[in-house]
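Chemist: Please find the sequence and the predicted model below.
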Amino acid sequence: MTLVEERPEAHEEAVETIWQDAPGLAGFFSSVDHKRIGMRYIYTAFVFFFIAGVQALVMRAQLSTPDADVVSPQVYNQLFTMHGVMMIFLFNTPVLAGFGNYIVPLQLGTRDMAFPRLNAFSYWIFVLSGLFMISSLAIGKQPDGGWFAYVPLTSKEYSPGVNMDFWGLGVAFAGISTTVGAVNFIVTTFKMRAPGMTVNRLPMFVWSILSMAFMVIFAVPAVTVASLMLEADRLFGTAFFNPAEGGSPLLYQHLFWFWGHPEVYILFVPATGMISMIIPVFARRRLAGYTWAAASLIGIGFISFGVWVHHMFATGLPALAMSLFSAASLIIAIPSGVLFFCWIATMWRGRVQWATPMLFALGFMLIFLLGGITGVMVAVLPFDWQVHDSYFVVAHFHYVLNGAVVFPIFGALYFWLPKMTGRMLDERLGKASFWTMFVGFNLAFFPMHILGFLGMPRRMYTYPAGLGWEALNVVISIGSAMFGLGTLLTVAAFVRGRRRGAPAGANPWNADSLEWATATSPPPHYNFEAIPVVAGRHPLWEEEAVCDATSGDDDATRAYGPPGAVARETPVSTGLDALPEETMTIPGETYVPFFLALGLGVFFVGLLVETTLVVVVGLVVAAAGLVTWGWRTEADLR
Amino acid sequence: MTLATAEAVTEPTRSPETGGRSIARWGMAVLIATEAMIFATLLSSYIFVRAASKEWPLGHIEPPKLGLIWFFTAVLLGSSGPMFFAEHGIKKGNQTRLRLGLALVFLMGASFLGFLAYEYHELDFGIRDNAYGTLFYTITGLHAAHVIGGLLMIGMLQIKAWMGKFTAERHETVAVIGMYWHFVDVVWIFVFATLYLSAQFG
Ligand code: HEM
Ligand SMILES: [Cu+2]
C-alpha cells in the first residue's frame, strides 16, 4: 500500500453528482445525509425551545405579582407541564442528538453514520412526535398533570380530557426516535472509526455521546412502558395502576424514575462532552486527565441507574433502601468532580482565549458548581423532606437542566456552527448574548432557592400578598425576561453571521479533532475525500500532519481513498483497534423512512382520537414501509 | 507519523469467520438489548404487583394450566434449531438447507401462535378484570407480537430464499433475523418461568 496519494484528476464532478440530494422538496424528504439531518435536528429543536420559553415567560408574568390573573389555574397547569415536557423531550434530548449526528461521524473520520436511513427515520419520528404533542397547544388541551404525570392524578378518573393522552402517546412516540438514534450512535462509534483511532484516542464528545446512547438503550424502555401502561389504563380500562383492581400507583413512580434520573444524565453527559471539546481548544492545551475524564463519563452512565429512588424519598419507602439510594446519589458527585478538575487543570496549564464558546463554558462551570451542590443537598434525606415540592427544587433542576445543559449547547452553537454553515457567528453579539443570559439566569433562578426556604410551593398558579414573596418574584421574572432576551441575541448573532459573517475556513479555532480536518466548511457531502489516518488523540495538533489513507484492492480498504468517495462507500473497522475490516455502501436517498414514520404517526393519532380505522391505516402504512425497507436492504447495498 | 505506523493501522484484519457486513449484526445486538429491557421492565412490574398482593392470581382466577404449554414451549425453543440449520446451510451456499430450515422455523413459530390463540380463547378472564389479567395478557401479548414480527421477517426471508437472493458470501439478513428469532425464543423462557411456572406457587 502506498501512502502518497495520486489524486485522480477529473473525479470532482463525479463525486458531487453521486452524493448530491435531489433538489427541493424531493431531497428534503428523502435525504439520508447525516449533516443535513443533524442540522435539521438542531433547527427543529430550537423551534420547540422558543415555544417552551414563551410558555415559561407567561408563567413568570402570572407569578410576578400576587393574586394575578394573567392565566387561569387550568391554563397554568398546562403551561408548566408542557414547558417541562417540551424542554426535555423536544428540545434538550433532540438537540444533543442533532449535534451528535452532525459531529460524531466527522470526528470519527467517516463518511456517514452506520445506518443512514435509520438516522433519517429517527429525525422524522422526532418531528412528527413533536407535532403530535404541540398540536395539543393548538386545540388548547395541553397535558396538565405535570411533566412526570403521576397516577392517580393522570388516570382517566381524575384527568378525563384528551390532555394527558397527548403526553402518554407522545412520550412513547418520541421514545422511538431516541432509541433508534442511540442504536445508531453506538454502532457508529464502534464500527466506523478512521484507521488509527483506537478506543483511547476517541474525542471526548464521542465518549459522551456513547455514554448517553448506552443510558438511552437501558433507560428509555422504562418510560416507554410506563407511558403506554398509563395509556392502556386510560384508553382500554386495564388495571396496571388502578389500586381498586390490584394495580399499583407506586409502580408507576418506580418505572418513571428508573428512566427519569438517568435522563438527567442523558442530557448532562453530552453537554459535558461539548465542554470537554471547547475548553482544550480555547485553553490551547490538551485535556488534562483524558483517561479519567473518559472513565467518568462512562461511570456517570453506570451510577445514574442506581439512584432513581431519590425522587421518591417522600413516598415512605423502607429506611434502609432509602439510605442506600441516598448514598448512591452522593457517589455520583465523584465522577462529576473528576471532570471538573480535568477542566480546571486544562485551563490552569493553558492560556485561555475568551472567545464566546469559552465564555459559555465558563458560565456553565460556575452554574454547575452551584447546581451540583444543591443536588447533593437534596440527595440528603432530611433536607429533601424539608424542601420537597418547594421552589428550592425548581431552582435546583433549572440549575442543572437550564444552566448545566443549555449553556453548553449555546457554547456548542458558537463553536460548531461555523463548521456547519461556513461562516463565523458575530462575536460582539455573542458576548452580549452570553452576559445577558448569564446574569438573567442567576437573577431568575438563584432567588428561587430562597423562595423555597420561605415556603413557596412549586406548581402554584398564584399566591396571596403579604408572605414576603413579592420582591423575589419580581426579580425572578425580570431575570427570566433577561435570559429570554439573551437567547434572542444569539439568534441575532446567528442571522448576522449567516449574512455577513467572516468565512470560517476549514479550521477557524485551530482545533484538534477531525471534524476540523474536512477540506471546507461546511464539509463536502462525502466529508472526507480520503479517510484520514490518525496518529494521536488530537490529530490536528500532532507533530505530523494527518495523512490520507489510500484505497487498497481488498474489500476492507477499498473505500479508503477517493475511489471510496466516488463509489459512495465508507470503511468499516474493528471495534477496539479501528483496523480495517470491510466496506459499507452508503444507501442513497429514500422516502421509506419518512413513510414508516408517517405510518406510525397516523397510528398514534388514531389512538388519540380513539378511531380504529385510523389506527389500522397507520399500521398498514407502517408495515408497508417496514417491508419495503427490509426487502430492499441487500438490493440497495449491492 | 512514519510510513510504517501508517501502514500498520491501515492493514486489513478481516478474519473470514467474523468478516462480512457485521454492521447490521451490531445494530441488531443493541436493538435486542433495548428490547430485553422492555421485557425486563414488564416482568419486574409483574413481580412488583404480585409482591404487593395478598393472593396471586388475583380474584378467583386459576393459575395458568401447564400441560400443553410445555409442549409448545419446546416447539418454540426448538425452532431455534432449524434457524441454525438454515444459517449454517447458506454459509456453505446450500440453498436447500436454507429454504427447508426457514420453512420449519415458520411452521413451528406459527403453531406456537396458534396454541396461544387457543389458550386465550379458553381463558375465562379478561385483560380488564384486574391487574393480574392486565399483566398476563400484556406480557404474553407483547411476546406474541414479537413472534408475529419474527414470522413476517422469516416469511420475507423465505420468499427471498426461493428467489435465490442469498449466497455463501451474502446472507447478512439471514444472520440478523436469525439473531432476532433466537432472542424471541430466549425471552419466552423468562416469560414462561414468571407467568406460568412461578404462578403455580400462589
Ligand atoms: C427561560 C428559561 C426558563 C424559565 C424562565 C423557566 C421557568 C419555569 C417555571 C416558572 C416553571 C414552573 C414552576 C412551577 O410553578 O412549579 C418551570 C418548570 C419547569 N421547567 Fe423551566 N424555565 C426555563 C427553562 C427551562 C429549561 C431550559 C428546562 C429544561 C431543559 C426547563 C425545565 C423545566 C421543568 C422540567 C419544569 C417542571 C415542570 C413540572 O413541574 O411539571 N425549564 N420552569
Ligand atoms: Cu435524580
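Modeler: Cool, the structure landed. Ligands and ions are numbered 1, 2, ... in the order given.
Chemist: what ranges of the chain fall below the confidence cut-off?
Modeler: All of this is about chain A. A:1-12, A:314, A:321-322, A:325, A:328, A:634-638 (pLDDT under 70).
Chemist: To clarify, I was referring to chain B.
Modeler: If you take pLDDT under 70 as the line, chain B has these spans: B:1-21, B:202.
Chemist: mind running it again at 90?
Modeler: Counting by pLDDT under 90, chain B shows low-confidence ranges at B:1-24, B:54-56, B:59-60, B:67, B:164-173, B:200-202.
Chemist: could you point out the longest helix in it?
Modeler: Ranked by residue count and defined by DSSP state H, the top helix of chain B is helix B:131-162.
Chemist: Which strands and helices lie in contact with that one?
Modeler: helix A:204-236, helix A:612-637, helix B:22-51, helix B:95-122, helix B:172-191 (3 or more C-beta pairs under 8 Å, 6 or more residues apart in numbering or on different chains; DSSP states H and E). Backbone N, C-alpha and C define where each C-beta goes, glycine included.
Chemist: Return the nearest residue of the stretch 451-600 of chain A with respect to chain B.
Modeler: Closest contact between the stretch 451-600 of chain A and chain B, by C-beta to the nearest C-beta, is at residue A:556 (3.4 Å).
Chemist: ok, for residue A:541, nearest residue in space, not its chain neighbours?
Modeler: Counting by C-beta to C-beta, 6 or more residues apart in numbering or on different chains, residue A:541 lies nearest to residue A:512, which is 4.4 Å off, once chain neighbours are set aside.
Chemist: That neighbour is in contact with residue A:538, isn't it?
Modeler: Yes - Residue A:512 is within contact range of residue A:538, at 3.7 Å (criterion: C-beta atoms under 8 Å).
Chemist: out of those two, which sits in the more crowded spot?
Modeler: Using other C-beta atoms under 10 Å in any protein chain shown, the more surrounded residue of residue A:512 and residue A:538 is residue A:512, with 22 against 19.
Chemist: wait, is that one part of a helix?
Modeler: No - according to DSSP: H, G, I helix; E, B strand; the rest coil, residue A:512 belongs to no helix; its state is coil.
Chemist: Just the CA atoms of stretch A:61-77, as CSV, please.
Modeler: The C-alpha coordinates for stretch A:61-77 follow below in CSV (Å, rounded to 0.1, in the frame of the first residue of the first chain):
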residue,chain,number,x,y,z
ALA,A,61,-45.9,37.0,34.1
GLN,A,62,-48.5,35.3,36.1
LEU,A,63,-46.3,34.9,39.2
SER,A,64,-44.8,38.4,39.1
THR,A,65,-47.5,39.8,41.3
PRO,A,66,-49.7,38.3,44.0
ASP,A,67,-53.2,37.3,43.0
ALA,A,68,-52.6,38.0,39.4
ASP,A,69,-54.9,36.6,36.7
VAL,A,70,-52.9,36.5,33.5
VAL,A,71,-53.9,32.9,33.1
SER,A,72,-56.4,30.6,34.8
PRO,A,73,-55.2,27.9,37.1
GLN,A,74,-56.1,25.3,34.5
VAL,A,75,-54.0,27.0,31.9
TYR,A,76,-51.2,27.4,34.4
ASN,A,77,-51.2,23.6,34.9
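Chemist: Just the helices from the stretch 151-300 of chain A, written as ranges.
Modeler: A:163-191, A:204-236, A:249-283, A:290-303 (DSSP state H, counting those that start in this stretch).
Chemist: Which among those helices is found nearest to ligand 1?
Modeler: Ranking these by proximity to ligand 1 (C-beta to the nearest ligand atom) places helix A:249-283 first, at 7.2 Å.
Chemist: Isn't the residue of the stretch 451-600 of chain A closest to chain B up against residue A:574?
Modeler: No - between residue A:556 and residue A:574 there is no contact, the gap being 9.7 Å when judged by C-beta under 8 Å.
Chemist: just the residues of chain A that are near ligand 1, which are they?
Modeler: Contact residues, chain A versus ligand 1 (C-beta under 6 Å from any ligand atom): A:53, A:56, A:59-60, A:80-81, A:83-84, A:87-88, A:92, A:146-147, A:394, A:398, A:401-402, A:406, A:444, A:458-459, A:480, A:483-484.
Chemist: Can you select the buried ones from these in ChimeraX?
Modeler: Burial among the residues of chain A next to ligand 1 is assessed by 16 or more other C-beta atoms under 10 Å in any protein chain shown; the matching ChimeraX selection reads:
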select /A:53,56,59,60,80,81,83,84,87,88,92,146,147,394,398,401,402,406,444,458,480,483,484
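Chemist: which non-adjacent residue is nearest residue A:188?
Modeler: Here the residue nearest residue A:188, using C-beta to C-beta, 6+ apart, is residue A:114, at 4.4 Å.
Chemist: Contact partners for residue 189?
Modeler: No chain was given, so I picked chain A. Counting by C-beta atoms under 8 Å, 6 or more residues apart in numbering or on different chains, residue A:189 touches A:104, A:108, A:202, A:206, A:209, A:210, A:213.
Chemist: think we crossed wires, I meant chain B
Modeler: residue B:77.
Chemist: now swap in residue A:270 and tell me
Modeler: A:96, A:99, A:100, A:205, A:208, A:209, A:212.
Chemist: need these in CSV with neighbour count, can you?
Modeler: Listed next are the contacts of residue A:270 as CSV, based on neighbours: other C-beta atoms under 10 Å in any protein chain shown:
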residue, neighbour count
A:96, 29
A:99, 27
A:100, 30
A:205, 26
A:208, 30
A:209, 31
A:212, 31
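Chemist: For the longest helix of chain B, what is the distance to the chain centroid?
Modeler: Here helix B:131-162 is found 8 Å from its chain centre; the criterion is C-alpha atoms, centre = their mean, to the nearest Å.
Chemist: And stretch B:62-72, by the same measure?
Modeler: Taking mean C-alpha positions (C-alpha atoms, centre = their mean), stretch B:62-72 and its chain are 20 Å apart.
Chemist: quick one: buried residues of it?
Modeler: Per 16+ other C-beta under 10 Å, stretch B:62-72 contains these buried residues: B:63, B:64, B:69, B:72.
Chemist: mind checking how far the closest residue to the second one other than its chain neighbours is from residue A:628?
Modeler: Spelled out, it's residue B:64. Nearest non-adjacent residue to residue B:64, counting by C-beta to C-beta, 6+ apart: residue B:196, 5.1 Å away. Residue B:196 sits 38 Å away from residue A:628, going by C-beta to C-beta, to the nearest Å.
Chemist: More neighbours: which of these two?
Modeler: Comparing residue B:196 with residue A:628 by neighbour count (other C-beta under 10 Å), the higher total belongs to residue B:196, at 18 against 15.
Chemist: For the residue of chain B found nearest ligand 1, which residues are in contact?
Modeler: Residue nearest to ligand 1 within chain B (C-beta to the nearest ligand atom): residue B:41, separated by 22.7 Å. Going by C-beta under 8 Å, 6+ apart, residue B:41 touches A:221, A:222, A:225, A:255, A:258.
Chemist: possible to save these as JSON lines with distance to residue A:529?
Modeler: Listed next are these as JSON lines, based on distance: C-beta to C-beta, whole Å:
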{"residue": "A:221", "distance to residue A:529": "41"}
{"residue": "A:222", "distance to residue A:529": "44"}
{"residue": "A:225", "distance to residue A:529": "46"}
{"residue": "A:255", "distance to residue A:529": "49"}
{"residue": "A:258", "distance to residue A:529": "46"}
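Chemist: Residue 161: how many residues sit nearby?
Modeler: Went with chain A since none was named. 12.
Chemist: I was after chain B.
Modeler: So residue B:161, with other C-beta under 10 Å, has 25 neighbours.
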